[in-house]
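Peer 1: Turn this into a structure:
(chains A and B)
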2 protein chains.
Amino acid sequence: MSDFVRVVEVGPRDGLQNEHALVPAATKIALIDRLSACGFQVVEATSFVSPKWVPQLADAEDVLAGIQPREGVAYPVLVPNAKGLERALAAGVRHIAVFTAASDAFNLKNTNIDVNGSLERLTPVVEQARAAGVSVRGYVSTVLGCPYQGHVPLGDVVRVADALHAMGCEEISLGDTIGVGTPAKAREMLLACAQAVPMAQLAVHFHDTYGQALANVLACLEAGVRVVDSAVGGLGGCPYAKGASGNLATEDLLYMLEGLGLRTGIDLQAVTDTAVWISGELGRKPASKLATVALANA
Amino acid sequence: MSDFVRVVEVGPRDGLQNEHALVPAATKIALIDRLSACGFQVVEATSFVSPKWVPQLADAEDVLAGIQPREGVAYPVLVPNAKGLERALAAGVRHIAVFTAASDAFNLKNTNIDVNGSLERLTPVVEQARAAGVSVRGYVSTVLGCPYQGHVPLGDVVRVADALHAMGCEEISLGDTIGVGTPAKAREMLLACAQAVPMAQLAVHFHDTYGQALANVLACLEAGVRVVDSAVGGLGGCPYAKGASGNLATEDLLYMLEGLGLRTGIDLQAVTDTAVWISGELGRKPASKLATVALANA
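Peer 2: Just a heads-up that it's a prediction; the model follows:
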């Protein structure tokens, strides 16, 4: 099995969209540029979701225009629909991500449409993006539980992952949106999806609501996954659990990966420094252990 | 492999001894009584280390006299030497724990004696305790790294674990004192020790300095360990890393164990409530994810 793990940095998008503070575009640009200097191959930059729903990322065009793209780094943006794709293409984006959930209840609540409706709506978006030479990642939310319907059958997760893959998504990121998963269930879910989509095209995406994210990653690495999403400083929160942590913190993940002898090409110290810096910009304490220790000893 | 995991609650001792706040004996007594009502088989109660070194636990006799012992719960106390054993026996203690480290540098710095000297000093203490019908647990510190010497050879860890076992310790707890371990190294260390001491007599004890504790436990469970130390609320800190987290939080551990389908006999909700309560008594935020969410939603 490969000893290289691709860590997909989602802090500027999935992290910041769930932070209370409204962050100036200049800070977002500085964050993305700092992250691309750390050695990530992928830094998810922003979102073309309607500013009505995600006001934190209403400045997507400004952010994309402001960053200094680095050779070898992809800067995907989140795109919810045809309108979002139009904005993304106009901004010159080369990588997008689309999203749906494995749970009808979640999709209905968030996008007013069930899973099947959501997949139908995404199909032409993915097609059009691919026709324009744009690569597409697909996110599946609520893979280990849903805030509205609770249990999510494994078969539903596999069906959605498979549909996104068949539609043309080159990578499928399996997201435990509310962080309820534990290692054996995470591994079982991953292995079930790998029956439908090649393991090399699967990614795992854990939120740390109940402190399980890193253990879940370990179980999934053992099962063969080699793409892991995380956010510098553990940015973000969870709209479904007041007071909860956000994404798995990149620096705590990198510490584990290094200890396991897995390569990432990413500079752990630079990421930790960036976590300390962005937490200061947000006026909050870092959510990661590494940045907490670094800050106390600064 | 057994699906029962014995969780050894060390909050009142290993947690409180590293908290800045001096906690009144009445609060310690209430904490221990609340914990024994949660279903733990073992609640490490206090320490007979000299009050000169650990002023936080100078009230050991008062605490032991004040608790309401519950049938089926053991309340071990930490004992450093013959003098400590004398105090423990006078207090009617039935379970003690002795400690040393796998690293000479750590032992020299903390007890002014090297590993061999420390083992020699403990031998008559363990003998005398066992002769009095008292059960003995042995702690090995610095099993995955030392704040003074850095790397700790695996052979040194195994030798010390083996010596404590041969001396009469019924259980050996392997402690990553500074929390530097990662899963593969933790598992390798455990398996090496299991060559010398039966796995059923080994426990793992992780500190969460770098966020690795739960992932390390997972790796060790997969390797067969069935005794895990943790502290309610993630009590404690680390004298070797300013700003660092303390012990692995019991409630985050229990959440994982339940998700893995392992039994503990412990009431997770009651532990989380206790974590919220003791954090309030200490005037600090809970260090665990579960208690943080519970507090925000209280």
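Peer 1: Might you name the residue of the stretch 51-200 of chain A sitting closest to chain B?
Peer 2: Going by CB to the nearest CB, chain B is nearest to A:Thr182 of the stretch 51-200 of chain A, at 2.4 Å. Bear in mind the C-beta positions are built from the backbone N, C-alpha and C, glycine included.
Peer 1: Around chain B, which positions in chain A sit nearby?
Peer 2: Applying CB under 8 Å from any CB of the partner chain, we find that chain A lies next to chain B at A:181-185, A:208-212, A:214-215, A:217-219, A:241-245, A:249, A:252, A:255-256, A:258-261, A:288-290, A:292-293, A:295-297.
Peer 1: I'd like to know which of those residues are buried.
Peer 2: Buried subset of the residues of chain A next to chain B (neighbour count, 16 or more other CB atoms under 10 Å in any protein chain shown): A:181-185, A:208-212, A:214-215, A:217-219, A:241, A:243-245, A:249, A:252, A:255-256, A:259-260, A:288-290, A:292-293, A:295.
Peer 1: Give me the subset of those residues that lies in helices.
Peer 2: Restricting those to those inside helices, with DSSP state H as the criterion, leaves A:183-185, A:214-215, A:217-219, A:252, A:255-256, A:259, A:289-290, A:292-293, A:295.
Peer 1: For the nearest residue to A:Leu254 once chain neighbours are set aside, which residues are in contact?
Peer 2: What sits nearest to A:Leu254 in space, not counting adjacent residues and going by CB to CB, 6 or more residues apart in numbering or on different chains, is A:Leu268, at 4.7 Å. Applying CB atoms under 8 Å, 6 or more residues apart in numbering or on different chains, we find A:Leu268 in contact with A:251, A:254-255, A:258, A:290.
Peer 1: if you set the cut-off to 7 Å instead, what comes out?
Peer 2: Listed by CB atoms under 7 Å, 6 or more residues apart in numbering or on different chains, the contact partners of A:Leu268 are A:251, A:254-255, A:258.
Peer 1: can you tell me which of the residues you listed lies nearest to B:Val49?
Peer 2: Among these, A:Tyr255 lies closest to B:Val49 (CB to CB), at 31.4 Å.
Peer 1: For A:Gly175, grab phi and psi.
Peer 2: Backbone torsions for A:Gly175, taken as degrees, to the nearest 10, come to phi -110, psi 130.
Peer 1: Dig out what it forms beta bridges with.
Peer 2: Listed beta-bridge partners, A:Gly175: A:His205 (assigned using DSSP bridges).
Peer 1: Might one say that it is in contact with A:Leu144?
Peer 2: No: under the contact definition of CB atoms under 7 Å, A:Gly175 does not touch A:Leu144, with a separation of 8.8 Å.
Peer 1: picking that back up, so what's the residue of the stretch 51-200 of chain A closest to chain B up against?
Peer 2: Remark: with contacts taken as CB under 7 Å, 6+ apart, A:Thr182 is in contact with A:212, B:256, B:259-260.
Peer 1: So what's the gap between stretch A:137-145 and the chain middle?
Peer 2: Centroid displacement of stretch A:137-145 relative to its chain, using CA atoms, centre = their mean, to the nearest Å, is 10 Å.
Peer 1: Distance of the closest residue in space to A:Cys193 that isn't next to it in sequence relative to A:Leu31?
Peer 2: Leaving aside its chain neighbours, A:Cys193 sits nearest to A:Ala161 (4.6 Å; criterion: CB to CB, 6+ apart). Distance check for A:Ala161 against A:Leu31: by CB to CB, to the nearest Å, it reads 30 Å.
Peer 1: for the longest helix seen in chain A, what is the average pLDDT?
Peer 2: Taking residue count as the measure and DSSP H as the definition, the longest helix of chain A comes out as helix A:115-131. Averaging pLDDT along helix A:115-131 gives 97.
Peer 1: and the following helix or strand past that helix, what does it pack onto?
Peer 2: Sequence-wise, the next helix or strand beyond helix A:115-131 is strand A:135-141, with elements assigned using DSSP states H and E. Packing partners of strand A:135-141 (3 or more CB pairs under 7 Å, 6 or more residues apart in numbering or on different chains; DSSP states H and E): strand A:95-101, helix A:115-131, helix A:154-167, strand A:171-176.
Peer 1: can you pull the buried residues of stretch A:104-119?
Peer 2: Judged by neighbour count (16+ other CB under 10 Å), stretch A:104-119 contains these buried residues: A:104-108, A:110-111, A:114-115, A:118-119.
Peer 1: First-to-last residue distance for stretch A:241-260?
Peer 2: Across stretch A:241-260, the terminal residues are separated by 31 Å (CA to CA, to the nearest Å).
Peer 1: what distance separates that stretch from the centre of its chain?
Peer 2: How far stretch A:241-260 lies from its chain's middle: 13 Å, per CA atoms, centre = their mean.
Peer 1: from the middle of its chain, how far away would stretch A:3-11 be?
Peer 2: Averaging C-alpha coordinates over stretch A:3-11 and over its chain gives two centres that are 10 Å apart (CA atoms, centre = their mean).
Peer 1: And the contacts of that stretch?
Peer 2: The list of residues contacting stretch A:3-11 from outside it, by CB under 7 Å, 6+ apart, reads A:35, A:40-44, A:203, A:226-233, A:235, A:247, A:250, A:253-254, A:257, A:261-264, A:266.
Peer 1: one more time with 8 Å
Peer 2: Outside of stretch A:3-11, the residues within contact range by CB under 8 Å, 6+ apart are A:31, A:35, A:38, A:40-44, A:173, A:203, A:205, A:221, A:226-233, A:235-236, A:247, A:250, A:253-254, A:257, A:261-266, A:278.
Peer 1: Restricted to helices, list the residues you listed.
Peer 2: Using DSSP H to define helices, the subset of the contacts of stretch A:3-11 located there is A:31, A:35, A:221, A:250, A:253-254, A:257, A:278.
Peer 1: Now the phi/psi pair for the closest residue to A:Gly72 other than its chain neighbours, please.
Peer 2: In space, not counting the residues next to it along the chain, A:Gly72 is nearest to A:Gln41; the distance is 6.7 Å by CB to CB, 6+ apart. A:Gln41 adopts backbone torsions of phi -90, psi -20, taken as degrees, to the nearest 10.
Peer 1: Give me the number of neighbouring residues for the residue lying closest to A:Tyr75 once chain neighbours are set aside.
Peer 2: If you skip the residues right next to it in sequence, A:Tyr75 has A:Ala45 as its closest partner in space, 4.3 Å away by CB to CB, 6+ apart. As a burial measure, the neighbour count of A:Ala45 was computed by other CB atoms under 10 Å in any protein chain shown and equals 30.
Peer 1: same question, A:Gly92
Peer 2: 9.
Peer 1: A:Pro69 is in contact with that one, correct?
Peer 2: No: here A:Gly92 lies out of contact with A:Pro69, judged by CB atoms under 8 Å, at a distance of 9.6 Å.
Peer 1: thinking again about what came up before, in a markdown table, list the contacts of A:Thr182 along with distance to A:Val23.
Peer 2: A markdown table is the format used below for those (distance: CB to CB, whole Å):
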| residue | distance to A:Val23 |
| --- | --- |
| A:Gln212 | 28 |
| B:Met256 | 33 |
| B:Gly259 | 34 |
| B:Leu260 | 38 |
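Peer 1: which of these lies closest to B:Thr27?
Peer 2: Ranking those by separation from B:Thr27, with CB to CB as the measure, puts B:Met256 on top at 28.2 Å.
Peer 1: Give me the distance between that closest one and A:Ala231.
Peer 2: From B:Met256 over to A:Ala231 the distance is 21 Å, taken as CB to CB.
Peer 1: Kindly report the same for A:Leu16.
Peer 2: The span separating A:Leu16 from A:Ala231 equals 9 Å under the rule CB to CB.
Peer 1: More neighbours: those two, which one.
Peer 2: More neighbours surround A:Ala231 than the other of A:Leu16 and A:Ala231, with 31 against 27 (other CB under 10 Å).
Peer 1: give me every residue that touches that one.
Peer 2: Taking CB under 8 Å, 6+ apart as the contact definition, A:Ala231 lies against A:9-11, A:14-15, A:246-250.
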